[in-house]
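Asker: sequence and predicted structure are below.
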Amino acid sequence: MAALWIAHVTVTDAEAYGKYAELAGPAIAAHGGHFIARAARYVQLEGKERPRNVVAKFPSVEAAVECYNSDAYQEALSHARGASERELMVVEITE
């Protein structure tokens, strides 16, 4: 079943985070993922507000986790560490 990769982000260093974004997109695409929402309009109803919210769809939970653990994504992530506060989860689509 398909899965959603959901990230909630506060960027603290725009230049470094820009490098992350540049590298993360190709890494996500290489694992069958594509963005369905990225830094779009949102309404925070509960919990900690993060101004950047990203949703990518993958063919499966396994593909999303493989992407996260891949060398290419980890290289991208090295630029986000220290440049952002983030939460990231993968959720299987049940419909």
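Answerer: Thanks, I have the structure now.
Asker: CA only for contacts and neighbour counts going forward, please
Answerer: Will do.
Asker: in this protein, where's the longest helix?
Answerer: For the chain, the longest helix by residue count, based on DSSP state H, is helix 14-30.
Asker: tell me the helices and strands packed up against that helix.
Answerer: Here helix 14-30 touches helix 61-69, helix 71-80, going by 3 or more Cα pairs under 8 Å, 6 or more residues apart in numbering; DSSP states H and E.
Asker: ok, now with 6 Å
Answerer: helix 71-80 (3 or more Cα pairs under 6 Å, 6 or more residues apart in numbering; DSSP states H and E).
Asker: and the contacts of the helix it packs on?
Answerer: 16-17, 20, 23-24, 27 (Cα atoms under 6 Å, 6 or more residues apart in numbering).
Asker: swap in stretch 35-44?
Answerer: In contact with stretch 35-44 (Cα under 6 Å, 6+ apart) are residues 52-56.
Asker: so residue 94 is in which element?
Answerer: Remark: residue 94 resides in no helix or strand, with elements defined by DSSP states H and E.
Asker: quick one: it from residue 2, how far?
Answerer: 8 Å (Cα to Cα, to the nearest Å).
Asker: for residue 52, grab the count of nearby residues.
Answerer: If you count neighbours by other Cα atoms under 10 Å, residue 52 ends up with 16.
Asker: what's the answer for residue 6, then?
Answerer: 18.
Asker: tell me the contacts of it?
Answerer: Residue 6 neighbours (Cα under 6 Å, 6+ apart): 54-55, 88-89.
Asker: how many other residues sit next to the spatially closest residue to residue 32 that is not a sequence neighbour?
Answerer: Spatially, and ignoring its direct neighbours in sequence, residue 32 is nearest to residue 58 (5.7 Å; Cα to Cα, 6 or more residues apart in numbering). When neighbours are defined as other Cα under 10 Å, residue 58 has 26 of them.
Asker: residue 58 pairs with what?
Answerer: residue 3 (DSSP bridges).
Asker: about what we covered before: who touches the longest helix of the chain?
Answerer: Against helix 14-30 from outside (Cα under 6 Å, 6+ apart): 72-73, 76, 79-80, 83.
Asker: and that helix, what's buried?
Answerer: Residues of helix 14-30 classed as buried: 16-18, 20, 23-28 (neighbour count, 16 or more other Cα atoms under 10 Å).
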